[in-house]
Structures are given as C-alpha cells and as structure tokens.
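Novice: What shape does this take:
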Amino acid sequence: MAVNKTPGYKIKKTPRFSNHPEPGYVLGGRIWLEKDGELYIGWGRIILLEHIDKFGSIAGAAKSMGLGYRNAWLWVEAMNRLAPVPLVEKATGGVGGGHARLTGEGQKVISEYKDIRTRFQDFLKQNRFCLSMG
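Specialist: Take a look at the predicted model:
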C-alpha cells in the first residue's frame, strides 16, 4: 500500500535573523514618511529616485533595481502626488523614447531623507542594548 506524503512545511529564517552577529536582543528599525496614511518616501523609493537620476528614465531605474516598470511608475506617481511639488518630471516616449529627470525638490528629498536615516541609525547605535538569553 502506497502512503501519500504531504509536503512538509519548514519555517525558514531569513539570513538577516539567523546569522545575526550579536547575541541577544538588538534594537532596530526603519524610517519612512507617510502623508495622510499613504507612503510618501521610504528607502526603496529613495533608491528609485537615485536610479532615475542616474539612468534618466523610470524604465531604466526599475530594471536596474529588479523592480517592475508598473510598480516603479506607480511609486513615482504617488510621490509626485503627495509632494508639495513634483519630484520627477516625465516625458512620454516617442522617436527617441521617453525620459525622466529629478527636479530640485527630488534632489532635496533624497538629501533630507538620507540625513534623517543617518541620524536614526546613529540613534539606534547609541541606544543599542543586547541581553543574553540565559
């Protein structure tokens, strides 16, 4: 008689947690900015803005990040809508294809977010606590 085996489920720990360099508890966190309950800026969106600046297009930026074009486009649309002034200026495709470029406000947002993120990481380092589990 054949026994049907159902596939087992193994809980996989991500390398970030299973290979943590410090024993015990470690304080961590992430920084993002919301407007009216909607994500405005986070680390992924900052990287997208930097890649748009580097490649001159949303498609090129998305491809370089392994992000789908539609997601990248939606992120840009959301940031532009939530910002006081647009962060990215876009031109639709044509003979030479479309392009995108950061505005001065886009450059400013990148700089300010990175400053806040650095200060937050410094805060985490200064307030680190590690407790051994035994």
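Novice: Which parts of this structure are strands?
Specialist: Taking DSSP state E to define them, one finds strands in the chain at 33-35, 38-41, 88-91, 99-102.
Novice: Can you tell me which of the ones you listed is most buried?
Specialist: Highest mean neighbour count among these (mean count of other CB atoms under 10 Å): strand 99-102, with a mean of 18. C-beta: built from backbone N, CA, C; applies to glycine.
Novice: quick one: contacts for the residue most central in space within the chain?
Specialist: Central residue of the chain (CA atoms, centre = their mean): Gly44, 1.5 Å from the mean position. Contact analysis of Gly44 by CB atoms under 8 Å, 6 or more residues apart in numbering lists Trp75.
Novice: so which of the strands of the chain gets nearest Phe55?
Specialist: Closest of the strands of the chain to Phe55 is strand 99-102, at 8.7 Å (criterion: CB to CB).
Novice: Pairing partners for that closest one, with directions?
Specialist: Sheet pairing here is set by DSSP bridges, and for strand 99-102 it gives strand 88-91 (antiparallel).
Novice: List of residues touching the partner strand?
Specialist: Identification of contacts with strand 88-91 by CB under 8 Å, 6+ apart yields 49, 52, 58, 76, 79-80, 98-103, 106.
Novice: For these, give me a markdown table that also has distance to Glu89 and pLDDT.
Specialist: Shown next, in a markdown table, are the contacts of strand 88-91 (distance: CB to CB, whole Å; pLDDT from 0 to 100):
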| residue | distance to Glu89 | pLDDT |
| --- | --- | --- |
| Leu49 | 12 | 98 |
| Ile52 | 10 | 97 |
| Ile58 | 11 | 94 |
| Val76 | 10 | 97 |
| Met79 | 12 | 97 |
| Asn80 | 9 | 97 |
| Gly98 | 11 | 76 |
| His99 | 9 | 89 |
| Ala100 | 7 | 94 |
| Arg101 | 5 | 94 |
| Leu102 | 8 | 97 |
| Thr103 | 6 | 97 |
| Gly106 | 9 | 97 |
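Novice: Those into a markdown table, with extra columns for distance to Leu87?
Specialist: Putting these into a markdown table (distance: CB to CB, whole Å) gives the following:
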| residue | distance to Leu87 |
| --- | --- |
| Leu49 | 6 |
| Ile52 | 9 |
| Ile58 | 12 |
| Val76 | 8 |
| Met79 | 5 |
| Asn80 | 6 |
| Gly98 | 17 |
| His99 | 15 |
| Ala100 | 10 |
| Arg101 | 10 |
| Leu102 | 7 |
| Thr103 | 6 |
| Gly106 | 4 |
